[in-house]
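**Q** The sequence and its predicted three-dimensional model are supplied below.
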Amino acid sequence: MQANIMINLGNKSQVPIISFSATSPFLSSLRSQYFIRATHDDSSQVKAISAIVQAFGWREAVPIYVENEFGEGVIPYLSDALEEVNARIPYRSVIPLGATNEEIRRELYNLTSMQCRVFIVHMDIDLGSRVFNMAKEIGMMGEGYVWIITDGMTNLWRMTDRFDMDSMHGVLGIRIYVPKSKKVNTFKVRWKRKFLEDNMVNAEFDVFGLWAYDATFALAMAVEELGTTNFSFDASNVSKSARTDLESFGVSQAGPKLIHALTSTRFKGLSGEFGFINGQLESPVFQIINVNGNGEKVIGFWMSKYGLVKRPDFTNVMGYSTSKANLGTIIWPGDTHSPPKGWEIPTQGKRLKIGVPETGFSEFVKLPPDTRPNSKVIPTGYCIDVFNAVMEAMPYAVPYDFYAFGNADQKMAGTYNDLIDQVVYGNYDAVVGDISIIVNRSFYIDFTLPFTESGVVMVVPIRDGSNKNAWVFLKPLTWDLWVTSGGFFIFIGFVIWVLEHRINEDFRGPPSHHVGTSFWFSFSTMVFAHRERVVSNPARFVVLIWCFVVLILTQSYTASLASLLTIQRLQPTVTDVYELLRRKESVGYHNGSFVKEIVQGLKFNPSKLRTFDSVEELDELFTNGSANGGIAAAFDEIPYMKLFLEKYCNKYTSVGPTFKTDGFGFVFPKGSPLVADVSRAILNVTEGDKMKEIENKWFPKQTNCLDSSTPVSSNSLSLGSFWGLFLIAGVAAIIALIIFVAEFLYKQKDVLCVPGISVRSRILQVLRNFDRKDLTSHTFRQSDLKERSRNDSIQTIDAVEVSVEASPNTNCPPSPSNSDQTGLGFTFFGEQGSPSIDNNISSATSPETGIQLANTNNS
């Protein structure tokens, strides 16, 4: 109040008003250019406090402040600063300036019944000392508590006695940093000596005294700068009817110049760099101190530009930091070095009230029969068992009770969003159940980590897709593989014909025989039934590679065809969402779930939407079908659909894309300190065997279901699986063909180089030569040797027979057997293509006889 009067008076008379102790932020709202604070606004320290809160990860803090302008002025700024570091103020503790010890004790007891254990004290030194004395008496200065005091106490607590300091053991404080210097120490010694001489009292010289000295020095510098300026007042505008002396003040003639000179003054004073910005001192550096016994210890500093630092070294700090590593060792209340977590479950506080939904999927949450609305219950189900296991894994005990969120009809009293709103309104301390983590809900409450799979899927009926018609033998291979295989059969046949035509009798003859033999040879390799011999090495190499390709191809075809004819091929009735939209089918979703928003976003007609509350209802909708008021597909979260598919595994399957969600999580109020610990406990449970036990209890495996590894369909073999084999066969054939053509053209160089003949004639002659036998080939050379051997044998037999018939020494007629043998020998060789001498000889003789006779004569 006094400050307001002085500010108004200075503004009216245009006289600068300088204060070194008015720290209330409310004074800034007066916006008087003639009011100068040679101190700092109380709100300047809230950033330092929020940096400490952020460094230790505290999510809540309760301010304890005096009920006056000094105490209330900083609270809005403190609330904003804490909100910026994701912390909140759950309660504001206001202590009247004239409160008795009993009133203080009663308020502190009220604080012990709350979870928050971080307290920020902002009040004067006298009231603050009483608060800490009462806190020590009732046990609030023990382990687990955090106390932070503002500079309203730290700047003056050296004036308190030893008893008060003992009661503040472990407290953290924020104080303006004044650099140590010889000049300051000398001045303090002189001042204390002078004060002791004048008042016979020993006193400490605090920061306010330094600011007062520097402010006086700044005013002297400003006046000195103005020189002999007229410091008189102009009273021409003063009303003659002024009733008080204050109203009779005129307007200072030197005021505007003096305020300009004062705000422009810059120098290094006792308190450090001294200068005014926007009517007050520049943003300060704060010391962070820790009370230990009857003393104090500086554990770090805070600067507006760099945050928490170990020392005020402006050159060695990079960026803004809120790391607790930049602070020294802290002794906390209870004489412990472990940082408190900032909250506790109060031993005398209320038990957590946890809401549970009434859902049709009883495997997740099941309430007892005849449950009354909002009554205490003992539910069962997967989600309940998981929550109980998580609470057992917590590092401390958390008492809680479950309450039913239902109505008289044994149904949920609203939607899942309505249930979550009860946490926002404070009706429930948490919600446990099949609650999905989605972004629009996280704006109002906090979720723990998920404990189930995430995502929304579409489920449709399945049917046997086996198509055992007359043309099923074509399905094992795709059309491109059929075409490629046929083309390679023709290509390989052509290559073998080219390589064998000039040297192999099997590949010679009329043109129709050429084509038929080539195709027959190539296609017969499918069953390895080719009887034609290949005599050239390049052809043998090509056939060897091709037979390997055919072996792989036929075996794969056989396996694929067998699977098509024998394995049950289960296929979904619908493959994607767009097919449903095109056919205008009806679809279903879980009643009361956010899945409705996803389905509506897919542009389904609202008249085509159906709801279900249980797996039995969903199966009934599928059985009815879209044409009879049922559905052709259903959308829901993965945990529900896994349960549904486990029960009806042989009738339905999931298809299409998975719409991303974050699974099920537990719900807590925004900023609840329990969230972090519960999330860590969830990780411990889900990574251990306990989670498997719970899943097996509520979702047992069905023995009559197909194995998940069994394929639901059999795809045709495509060219992509065999192109490497075709590449090898093709390259081998082309290389063999190139080598043959090169050798043949080299042998035909005389024909190609004959002068005076047209190119066309040369090409025709080369082709004629290609069509002829290559008599230089080893195959034809062996045939000639055999032919000469047979002719020599025939000539020998003829000579023997002639000599026998013409011999004069023989009186006996020719033996019939000899005649038969001679005839038999001629007839045999005649069948092999040799000339016959006696055409009258019988053709029914055996070739073996002719050979025996020839051997006898030769002997």
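**A** Happy to help now that I have it. Numbers count the residues shown, from 1 in each chain.

**Q** Rounded mean pLDDT for the strand or helix carrying Leu561, please.
**A** Applying DSSP states H and E as the criterion places Leu561 in helix 537-566. Along helix 537-566, the predicted local confidence has a mean pLDDT of 83.

**Q** Going by neighbour count, list what's buried in that helix.
**A** Judged by neighbour count using 16 or more other CB atoms under 10 Å, the buried positions of helix 537-566 are 538-539, 541-543, 545-546, 549-550, 553, 556-557, 560-561, 564. Yep, even glycine has a C-beta here, placed from its N, CA and C like the rest.

**Q** name the helices or strands packed onto that helix?
**A** Packing contacts for helix 537-566, counted by 3 or more CB pairs under 8 Å, 6 or more residues apart in numbering; DSSP states H and E, involve helix 479-500, helix 723-747.

**Q** Would you mind finding the most buried of the ones you listed?
**A** helix 479-500 (a mean of 18; mean count of other CB atoms under 10 Å).

**Q** and the angle for that helix with helix 723-747?
**A** Note on geometry: by axes from the mean of the first three to the mean of the last three CA atoms, to 10 degrees, helix 479-500 and helix 723-747 are set 20 degrees apart in direction.

**Q** Can you tell me what sits against the helix or strand following helix 479-500?
**A** Past helix 479-500, heading to the C-terminal end, the next element that is a helix or strand (DSSP H and E) is helix 511-524. Defining contact as CB atoms under 8 Å, 6 or more residues apart in numbering, one finds that helix 511-524 is touched by 489-490, 492-494, 496-497, 501, 506-509, 530, 532.

**Q** now stretch 670-682
**A** Under the criterion CB under 8 Å, 6+ apart, residues 57-60, 86-88, 90, 115-116, 341-343, 386, 390-391, 393-395, 398, 424, 430, 444-449, 451, 666, 668 lie in contact with stretch 670-682.

**Q** List the buried residues for that stretch?
**A** Neighbour-count burial for stretch 670-682, with 16+ other CB under 10 Å as criterion, is recorded at 671-675, 677-679, 681-682.

**Q** ok, now stretch 610-621?
**A** Applying a neighbour-count criterion of 16+ other CB under 10 Å, one finds 610, 612-615, 618-619, 621 buried in stretch 610-621.

**Q** could the residues you listed be laid out in a markdown table, adding distance to Ile757, pLDDT and secondary structure?
**A** As requested, those are exported to a markdown table (distance: CB to CB, whole Å; pLDDT from 0 to 100; DSSP: H, G, I helix; E, B strand; the rest coil):
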| residue | distance to Ile757 | pLDDT | secondary structure |
| --- | --- | --- | --- |
| Arg610 | 88 | 92 | strand |
| Phe612 | 91 | 91 | strand |
| Asp613 | 96 | 88 | coil |
| Ser614 | 95 | 88 | coil |
| Val615 | 90 | 89 | helix |
| Leu618 | 88 | 92 | helix |
| Asp619 | 88 | 91 | helix |
| Leu621 | 88 | 92 | helix |
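
**Q** Make CSV out of those and add distance to Gly656.
**A** Shown next, in CSV, are the buried residues of stretch 610-621 (distance: CB to CB, whole Å):
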residue, distance to Gly656
Arg610, 18
Phe612, 19
Asp613, 23
Ser614, 23
Val615, 20
Leu618, 17
Asp619, 20
Leu621, 18
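
**Q** Closest to Thr23 out of these?
**A** Within these, proximity to Thr23 (CB to CB) peaks at Asp613, which comes in at 62.0 Å.

**Q** okay, now the nearest residue to the closest one once chain neighbours are set aside: neighbour count?
**A** Ranked by CB to CB, 6 or more residues apart in numbering and with sequence neighbours excluded, the top spatial neighbour of Asp613 is Gly360, at 3.3 Å. Neighbour count for Gly360, taken as other CB atoms under 10 Å: 19.

**Q** got the contact list for Gly360?
**A** Going by CB under 8 Å, 6+ apart, Gly360 touches 591, 612-614, 617.

**Q** Kindly recompute the last result at 10 Å.
**A** Taking CB atoms under 10 Å, 6 or more residues apart in numbering as the contact definition, Gly360 lies against 411-412, 590-592, 612-618, 640.

**Q** before we move on, could you check phi and psi at it?
**A** Here the main-chain torsion angles of Gly360 (degrees, to the nearest 10) amount to phi -70, psi -20.

**Q** and what of Ser113?
**A** Comment: the main-chain dihedrals of Ser113 come out as phi -80, psi 0, following degrees, to the nearest 10.

**Q** Check what pLDDT it gets.
**A** In this prediction, Ser113 carries a pLDDT score of 83.

**Q** ok, how many other residues are close to it?
**A** Residues within reach of Ser113, counting by other CB under 10 Å, total 11.

**Q** Between the buried residues of stretch 670-682, which sits nearest Ile52?
**A** Of all these, Pro673 has the smallest distance to Ile52: 16.5 Å, by CB to CB.

**Q** Tell me the secondary structure at the residue lying closest to Met458 once chain neighbours are set aside.
**A** Sequence neighbours aside, Gly656 is the residue nearest to Met458 in space, at 4.5 Å (criterion: CB to CB, 6+ apart). Using DSSP: H, G, I helix; E, B strand; the rest coil, the secondary structure recorded for Gly656 is strand.

**Q** and the contacts of stretch 670-682, which of them are in helices?
**A** 386, 390-391, 424 (DSSP state H).

**Q** could those be laid out in JSON lines, adding distance to Asp689 and pLDDT?
**A** Compiled in JSON lines, the ones in helices among the contacts of stretch 670-682 are given as follows (distance: CB to CB, whole Å; pLDDT from 0 to 100):
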{"residue": "Val386", "distance to Asp689": "14", "pLDDT": "95"}
{"residue": "Val390", "distance to Asp689": "15", "pLDDT": "94"}
{"residue": "Met391", "distance to Asp689": "18", "pLDDT": "92"}
{"residue": "Val424", "distance to Asp689": "36", "pLDDT": "91"}
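
**Q** Just the buried ones out of those, please.
**A** When neighbours are counted using 16+ other CB under 10 Å, the ones in helices among the contacts of stretch 670-682 contain these buried positions: 386, 390-391.

**Q** Tell me how many other residues crowd Phe664.
**A** Using other CB under 10 Å, Phe664 has 25 neighbouring residues.

**Q** show me the residues around it that make contact.
**A** By CB under 10 Å, 6+ apart, the residues touching Phe664 are 364, 382-383, 386, 432-437, 447-448, 450-454, 637-639.

**Q** 6 Å instead, please
**A** Applying CB atoms under 6 Å, 6 or more residues apart in numbering, one finds that Phe664 lies in contact with 434, 452.

**Q** Angles on the backbone of it, please.
**A** In terms of degrees, to the nearest 10, the main-chain angles of Phe664 are phi -90, psi 140.

**Q** Retrieve the pLDDT associated with it.
**A** Predicted confidence (pLDDT) at Phe664: the value is 92.

**Q** what separates it from Asp429, distance-wise?
**A** Computed as CB to CB, to the nearest Å, the Phe664 to Asp429 distance reads 19 Å.

**Q** I'd like the average pLDDT over stretch 59-74.
**A** Regarding stretch 59-74, the rounded mean pLDDT is 90.

**Q** Dump it to PDB, restricted to CA.
**A** Provided in PDB are the C-alpha atoms of stretch 59-74 (Å, rounded to 0.1, in the frame of the first residue of the first chain):
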ATOM      1  CA  ARG A  59       5.500 -33.500 -11.400                       C
ATOM      2  CA  GLU A  60       3.700 -31.500  -8.700                       C
ATOM      3  CA  ALA A  61       4.600 -28.800  -6.200                       C
ATOM      4  CA  VAL A  62       2.500 -27.100  -3.500                       C
ATOM      5  CA  PRO A  63       3.200 -23.400  -2.900                       C
ATOM      6  CA  ILE A  64       2.900 -22.200   0.800                       C
ATOM      7  CA  TYR A  65       2.700 -18.400   0.900                       C
ATOM      8  CA  VAL A  66       1.600 -15.600   3.100                       C
ATOM      9  CA  GLU A  67      -1.800 -14.100   2.600                       C
ATOM     10  CA  ASN A  68      -0.800 -10.600   1.400                       C
ATOM     11  CA  GLU A  69       0.300  -8.800  -1.600                       C
ATOM     12  CA  PHE A  70       3.900 -10.000  -1.200                       C
ATOM     13  CA  GLY A  71       2.900 -13.600  -1.100                       C
ATOM     14  CA  GLU A  72       0.100 -13.600  -3.700                       C
ATOM     15  CA  GLY A  73       2.000 -11.600  -6.300                       C
ATOM     16  CA  VAL A  74       4.400 -14.300  -7.300                       C
END
